[in-house]
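*Asks:* The sequence isn't on hand, but the structure is:
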């Protein structure tokens, strides 16, 4: 499918993430490209991260003039670095050149008062969502020149079935509408985007129309959130943060347009690049660390939000919990609106913000619901955080406990025990007895998952896997510990969670699972059949409650199974005394 026929391209290299150093490619690389050239999203990311200014200057006159002006300014300042001399004009023209060269997108409408988005970290965010969170194995395009050497134009390598019908919501489009246009053009995602500033909405719509993406991108103007209205001393404002405002306006417009699907909004992802600064902070007035440049130009709504990016994302978390229960205000009285999103996410400008918000999410939902990553070199690093409300599998990778020394121990019977299956069965029975004793007050059960015999060459192993989990009654559902002093939980979020069945955040197995892999190998030198059994534990926790249970079981299971605890020492002493 041809999406545009404007601009030129450059060669791509394999990308190793995360990028930490900026490299500039040799302009000779571009001469290698002839007519057709395939490229993946990972390679496009590398190209946009390391642009060839000389090649861009040959293709785009406005960028050439801005580059020359910046180099002249650098020369006037003597030993100043190039980045410290970059102006808003240069940033805008570089962004326009990269969008045209790599993505066949035009950014015609963007004035110097609005934020100009850097392309690499925006595109990385979308790449991470589609390939990591959505599980799309790869995304690729083809640059194709015609017989006259014109172009190249952009064509898709993926079939529609490979990409799927991905629908997303971008909260805060800005004037550029960059996320939605990149998602629609490169990843073929259908996007809704919200914006509070009326001028930004007009410019965003103009950019969408200029790129012929009106059928894939919908721009919504939304009212201020509850926090913003309170800051403006509007005491009667309706409850709701940035996500809830966008969803409510979407339903209102769908109902006004008599859409047949007006009562449902099912998304694959929600994304946002939140305002970084707290209105009470002076951070925006300070120069950048490293190059000493002033902060980027941006409007009030692009720069400020109560409590900055942490406040914005915290309200998004609250919104996601609230409206997942279908607490959506809409004008209809016949059909209740339904909203769901597979993933909610945000880009963050500070690592401290990531740490604080990730800790909150893990405490609220469990570690299997949270993903994070980072991208960018040095002071340009950005962090990305995502969470889902979908029920996870009990052995989700995010729920794996860090390795502990007690995750492996050996059982040495010291006396002839018989065949290997008897040795394994003895360990299984001891684990079952341990669980039935309710250690630490935990009501546990142990089930044998499978028993197998595996052979490798001359070695043969007898293996059993025992699953240890809690007999969790249905009433033990709200696992959020409100007394946890290490996590600051907003009262508004606690009000949303209280009185609800939050077991949907847990797998069917409950708060935790411990898999004990019991192995005994063939030892032909052991004529007395004194078997040594290895026990390996794999631990998965899905809440703070589950983590506490695992800690208790880890600390006592090996002693009980090996029978080295005080209880078993006393039993042996009593047996010897009776003899």
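*Replies:* Looks like it arrived, so ask away. Quick caveat, the model's predicted, so the values are computed rather than measured. Numbering: from 1, shown residues only.
*Asks:* Quickly note the distance from residue 171 to residue 87.
*Replies:* Distance, residue 171 to residue 87, using CB to CB, to the nearest Å: 29 Å. Any C-beta I mention is one placed from the backbone N, CA and C, and that applies to glycine too.
*Asks:* out of the two, which sits in the busier spot?
*Replies:* residue 171 (28 against 16; other CB atoms under 10 Å).
*Asks:* Quick check: closest non-adjacent residue to that one.
*Replies:* Spatial nearest neighbour of residue 171, chain neighbours left out: residue 272 (4.0 Å); criterion: CB to CB, 6 or more residues apart in numbering.
*Asks:* Just want the most central residue of this protein.
*Replies:* residue 386 (3.2 Å; CA atoms, centre = their mean).
*Asks:* looking at this, that residue is in a strand?
*Replies:* Yes. The assignment for residue 386 by DSSP: H, G, I helix; E, B strand; the rest coil puts it in a strand.
*Asks:* Is it bridged to anything, and to what?
*Replies:* Beta-bridge partners of residue 386, counted by DSSP bridges, are residue 345, residue 371.
*Asks:* pLDDT score assigned to it?
*Replies:* Model confidence at residue 386, given as pLDDT, is 97.
*Asks:* Looks like it contacts residue 345 (just checking).
*Replies:* Yes. Counting by CB atoms under 8 Å, residue 345 is a contact partner of residue 386 at 3.8 Å.
*Asks:* Show me the helices in the stretch 151-300 of the chain, by range?
*Replies:* 160-163, 178-186, 198-210, 226-231, 242-256, 300-303 (DSSP state H, counting those that start in this stretch).
*Asks:* Could you list every helix and strand in contact with the third one?
*Replies:* Read it as helix 198-210. helix 178-186, strand 190-195, strand 217-221 (3 or more CB pairs under 8 Å, 6 or more residues apart in numbering; DSSP states H and E).
*Asks:* looking at those, which is closest to residue 426?
*Replies:* helix 178-186 (57.8 Å; CB to CB).
*Asks:* What lies in contact with the closest one?
*Replies:* 3-4, 41, 44, 103-105, 107, 117, 119, 122-123, 125-126, 139, 141, 154, 168, 170, 173, 189-193, 207-208, 211, 213, 216-217, 219, 271, 273 (CB atoms under 8 Å, 6 or more residues apart in numbering).
*Asks:* rerun at 6 Å
*Replies:* The contact list for helix 178-186 (CB atoms under 6 Å, 6 or more residues apart in numbering) reads 103, 105, 117, 122-123, 126, 168, 170, 189, 191, 193, 211, 213, 216-217.
*Asks:* Over to stretch 359-366?
*Replies:* With contacts defined as CB under 6 Å, 6+ apart, stretch 359-366 is touched by 370, 387, 480, 487, 505, 542-543.
*Asks:* swap in stretch 189-200?
*Replies:* So stretch 189-200 is contacted by 166-171, 173-175, 180, 183-184, 201, 216-220, 222, 246, 299, 301 (CB under 6 Å, 6+ apart).
*Asks:* Buried by neighbour count: which residues of that stretch qualify?
*Replies:* Neighbour counts over stretch 189-200 (16 or more other CB atoms under 10 Å) mark 189-197, 200 as buried.
*Asks:* ok, so of those residues, who is nearest residue 337?
*Replies:* In terms of CB to CB, no member of those lies closer to residue 337 than residue 192, at 14.1 Å.
*Asks:* Just grab the bridge partners of that closest one for me.
*Replies:* Bridge pairing for residue 192 (DSSP bridges) gives the partners residue 169, residue 218.
*Asks:* can you tell me how far it sits from residue 227?
*Replies:* Counting by CB to CB - residue 192 and residue 227 are separated by 22 Å.
*Asks:* Could you do residue 76 as well?
*Replies:* According to CB to CB, residue 76 and residue 227 sit 44 Å apart.
*Asks:* more neighbours, those two?
*Replies:* For the pair residue 76 and residue 227, the greater number of neighbours falls to residue 227 (19 against 9), based on other CB under 10 Å.
*Asks:* so the residue found closest to the more buried one once you drop the neighbours it is linked to in the chain, which of the three states?
*Replies:* Distances taken as CB to CB, 6+ apart put residue 306 closest to residue 227, at 4.5 Å, once the chain neighbours are dropped. Three-state assignment for residue 306 (three-state DSSP): coil.
*Asks:* any idea of the mean pLDDT for the longest helix along the chain?
*Replies:* Secondary structure of the chain per DSSP state H: the longest helix is helix 544-562. In this model, helix 544-562 has a mean pLDDT of 89.
*Asks:* Not counting sequence-adjacent ones, nearest residue to residue 117?
*Replies:* Looking at residue 117 with CB to CB, 6+ apart, the closest residue is residue 178, at 4.5 Å.
*Asks:* what's the burial count for residue 443?
*Replies:* Residue 443: 12 neighbours (other CB under 10 Å).
*Asks:* Equivalent analysis for the one 5 residues further on, please.
*Replies:* Neighbouring residues of residue 448 were enumerated by other CB under 10 Å; the total is 15.
*Asks:* again, but for residue 43
*Replies:* 18.
*Asks:* Go ahead and report the secondary structure state at it.
*Replies:* At residue 43 the chain is in helix, as set by three-state DSSP.
*Asks:* Just send the helices of the stretch 151-300 of the chain back as CSV, with mean pLDDT and distance to residue 441 too.
*Replies:* Shown next, in CSV, are the helices of the stretch 151-300 of the chain (pLDDT from 0 to 100; distance: least, CB to CB, whole Å):
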stretch, mean pLDDT, distance to residue 441
helix 160-163, 60, 50
helix 178-186, 94, 50
helix 198-210, 95, 57
helix 226-231, 80, 42
helix 242-256, 90, 40
helix 300-303, 76, 52
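*Asks:* Pick the most buried one from those helices.
*Replies:* helix 178-186 (a mean of 26; mean count of other CB atoms under 10 Å).
*Asks:* So, low pLDDT: which residues of the stretch 101-250 of the chain?
*Replies:* Flagging of the stretch 101-250 of the chain using pLDDT under 70 yields the residue ranges 138, 142-164, 231-237.
*Asks:* whoops, I mixed them up, the stretch 351-500 of the chain
*Replies:* Where the stretch 351-500 of the chain drops to pLDDT under 70, the residues are 378-379, 413-418, 450-460, 472-479, 481-485.
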